[in-house]
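Peer 1: no FASTA, just this:
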């Protein structure tokens, strides 16, 4: 009786890795959903990485480090970790993600969102 194939990789990751990943994501000012959008994956997978329930492979590690503006070694906990300060680029990424969400809406909903945005911008200028 075979209960598990010997060639299957372990699916579980590392809780310390997950804690570091969550820390860097939050310092970058991103939600799990926003990070998932940048990586082309799902929020649930990002959540599993952060909980230490899934192992992150090299290609995803490199893309995640780039998205968070840290090095893979920072996320892996190798060497000193540099603090990540949210800057204009994290705000820009957030705006781009929000614009993509607006673009995915039906035309009528897009128009409503844009009208609301225009009113908010007018109020902010005054």
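Peer 2: Sure, I can see it. Predicted model only: the values in this text are computed from it and were never measured.
Peer 1: Looks like residue 72 contacts residue 61 (just checking).
Peer 2: Yes: using C-beta atoms under 8 Å, residue 72 is in contact with residue 61, at 5.1 Å. C-betas here are computed from N, CA, C, even on glycine.
Peer 1: More neighbours: those two, which one.
Peer 2: residue 61 (18 against 15; other C-beta atoms under 10 Å).
Peer 1: Quick check: the more buried one vs residue 71, distance?
Peer 2: Remark: distance between residue 61 and residue 71 (C-beta to C-beta, to the nearest Å) = 10 Å.
Peer 1: just residue 124 next, same as before
Peer 2: In terms of C-beta to C-beta, residue 124 sits 37 Å off from residue 71.
Peer 1: Same drill for the two, tell me which one is more crowded.
Peer 2: residue 71 (15 against 7).
Peer 1: Which residue ranges make up the domains of this structure?
Peer 2: Split into domains by automatic domain parsing, the chain comes to 9-86, 87-126.
Peer 1: Just the helices from this structure, written as ranges.
Peer 2: 15-27, 32-39, 43-50, 58-68, 72-76, 88-103, 107-125 (DSSP state H).
Peer 1: If you average pLDDT over each of these, which is lowest?
Peer 2: Lowest mean pLDDT within the helices of the chain: helix 88-103, at a mean of 74.
Peer 1: what's in contact with that helix?
Peer 2: The contact list for helix 88-103 (C-beta atoms under 8 Å, 6 or more residues apart in numbering) reads 28, 29, 30, 34, 37, 38, 67, 69, 110, 113, 114.
Peer 1: picking up where we left off before, tell me which of the domains of the chain is the most buried.
Peer 2: domain 9-86 (a mean of 16; mean count of other C-beta atoms under 10 Å).
Peer 1: how close does the residue positioned nearest the centre of the chain sit to residue 118?
Peer 2: Centroid check for the chain by C-alpha atoms, centre = their mean gives residue 35 as the closest residue, at 1.3 Å. Residue 35 is 29 Å from residue 118, where distance means C-beta to C-beta.
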